[in-house]
Every structure is written in C-alpha cells, then in structure tokens.
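Novice: coords please:
(2 chains)
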Amino acid sequence: MSDSEKWAWWALGVVFLTIGAYGAFLIFLGHGPAITSVFALLALTAVPASSRRYFRGRSFDEREREIANKSWRAGFSAVWLAFIGLFLTIGFFKGWDATLILPVWNLEETILWAWVGILGVEAVTTLILYRGGAHA
Amino acid sequence: MPSQEPVIKNQIRRLRFEHGEMTQDQLAKMAGVTRHTIMALEAGKYFPSLLLAFRIARAFDAPIDRVFEYHELAGLSPGGAS
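Specialist: Prediction:
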C-alpha cells in the first residue's frame, strides 16, 4: 500500500470519527455552539504527514501527483456543487429576497462540514484511482 | 466492437526479466518513481509521461519504441494490421 493510500484510509477514519463524535455530541448536548468543537478532530488528518515521503526529502512521482490533483479537484468540485445546491434550495424555499439571520456557529459549521466533505471525497477518490487505475 | 481509444502498451515486464530479473523496486529507483507506479505501468493502468518513458527506456538501455508501443485502436498493431 502506498503512502497516499495510507493517508486516504487515515483521512476516511478521521472523517467517520468526526461524524460519529458529532452524532454523539448531538445526542448528549443537543445542537448548539459546543458541538462545533468536534471539528477539532479534523486536525488528526495532519498526523500521517510526519511520515509522508515529502517530509523525508522525497517528492511524489508523476502518477501520485496526478492522483492527488484529481482527488483534490473531485473533493472540491463535490463540495462546490453541494454549496450551489444549498444556495439554490434556500433561494427556492425562502425566496430570493429573503433575509437569513443565522448564528455565527452555523456559518462555522457549514465551512467545517465542507472541509469534511472535501476530505472524504478526496480520500475515496484517491483509493479508487489507486485501485482502478483509470489511467490516472 | 473494439475500443476507439488509443492505447500505449509496454514491454517493461519482459525487459525486466531480460535484464537479469531486475525487480520492480530496482527499476523504480532507476526511473525515479515508486514501485506502485511501475506496477501500474505493467498492468496497463497508467500511461507515463514522455519524460518517464525516456527514463525507463534509459534504465533498460533500449530505444523508447522497444519499451512502449502506441496502438491507434485496441487490438491492432501500430501499423494498423492486426
């Protein structure tokens, strides 16, 4: 298993851990600002970086770079589409001239969920491209 | 019906064995890539850049067209005859 695949599995684990912790907090604390703290778990995605090859003075080869770029683009595109869908949905249901009043933690959570989404899709795409190839 | 997508086939596996049973790891080091990339190349799951193709050919001390073959249509030889 390559370092990138190991990172992808780790990132997926962190994503599921974050979702699980969020669910647990939701049950025990209810929805509120405190729940945002579970997103601190996302910092765990940096753990394997200390063992990744580029930190040992070696860089990714061309296939790994290509896969990393495609995976990042897939993650970003997925979240971008989700955002567009969200904005359109809000517009259709609330009206295009409606005013939204939201607490700050709602905005924070939206951004952090977007980060979870990017990480999840990026990790899954990395694993698929490594396994399936698809001339990536 | 054959695929219309052009493919690049390679002789890396055969050339490795012709060169003293060179391991994938040895070839990877010589070409400056990971063993996984050599595995993907041999399995036909990855088309290399021109730079990598030249590096691999140099590792075998062979011209590039002895290592890689361009096929216009899957299942046909480069000249077009099957």
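Novice: need the phi and psi values for residue B:10.
Specialist: phi -140, psi 160 (degrees, to the nearest 10).
Novice: quick check: bridge partners of it?
Specialist: residue B:68 (DSSP bridges).
Novice: looking at chain A, which helix is longest?
Specialist: Longest helix of chain A, by residue count under DSSP state H: helix A:62-94.
Novice: what ranges do the strands span in chain A?
Specialist: Taking DSSP state E as the criterion, chain A carries no strands.
Novice: point me to the residue sitting farthest from the middle of it.
Specialist: residue A:97 (30.9 Å; C-alpha atoms, centre = their mean).
Novice: so is residue B:45 in a helix, a strand, or just coil?
Specialist: Under the three-state scheme (DSSP: H, G, I helix; E, B strand; the rest coil), residue B:45 adopts coil.
Novice: can I get stretch A:83-101 in PDB? Just the C-alpha atoms.
Specialist: This file holds the C-alpha atoms of stretch A:83-101, laid out as PDB (Å, rounded to 0.1, in the frame of the first residue of the first chain):
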ATOM      1  CA  PHE A  83     -22.900  24.600  -2.000                       C
ATOM      2  CA  ILE A  84     -24.600  25.600  -5.200                       C
ATOM      3  CA  GLY A  85     -27.400  23.100  -4.400                       C
ATOM      4  CA  LEU A  86     -27.700  24.500  -0.900                       C
ATOM      5  CA  PHE A  87     -28.000  28.100  -2.100                       C
ATOM      6  CA  LEU A  88     -30.500  27.300  -4.800                       C
ATOM      7  CA  THR A  89     -32.600  25.300  -2.300                       C
ATOM      8  CA  ILE A  90     -32.600  28.200   0.100                       C
ATOM      9  CA  GLY A  91     -33.500  30.600  -2.600                       C
ATOM     10  CA  PHE A  92     -36.400  28.500  -3.900                       C
ATOM     11  CA  PHE A  93     -37.800  27.800  -0.500                       C
ATOM     12  CA  LYS A  94     -37.100  31.000   1.400                       C
ATOM     13  CA  GLY A  95     -37.400  33.300  -1.600                       C
ATOM     14  CA  TRP A  96     -34.600  35.100  -3.400                       C
ATOM     15  CA  ASP A  97     -35.100  38.400  -1.500                       C
ATOM     16  CA  ALA A  98     -35.400  36.700   1.900                       C
ATOM     17  CA  THR A  99     -33.100  37.700   4.700                       C
ATOM     18  CA  LEU A 100     -31.400  35.000   6.700                       C
ATOM     19  CA  ILE A 101     -30.400  35.600  10.300                       C
END
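Novice: contacting residues around that stretch?
Specialist: residue A:114 (C-beta atoms under 8 Å, 6 or more residues apart in numbering or on different chains). Bear in mind the C-beta positions are built from the backbone N, C-alpha and C, glycine included.
Novice: done for today, thanks.
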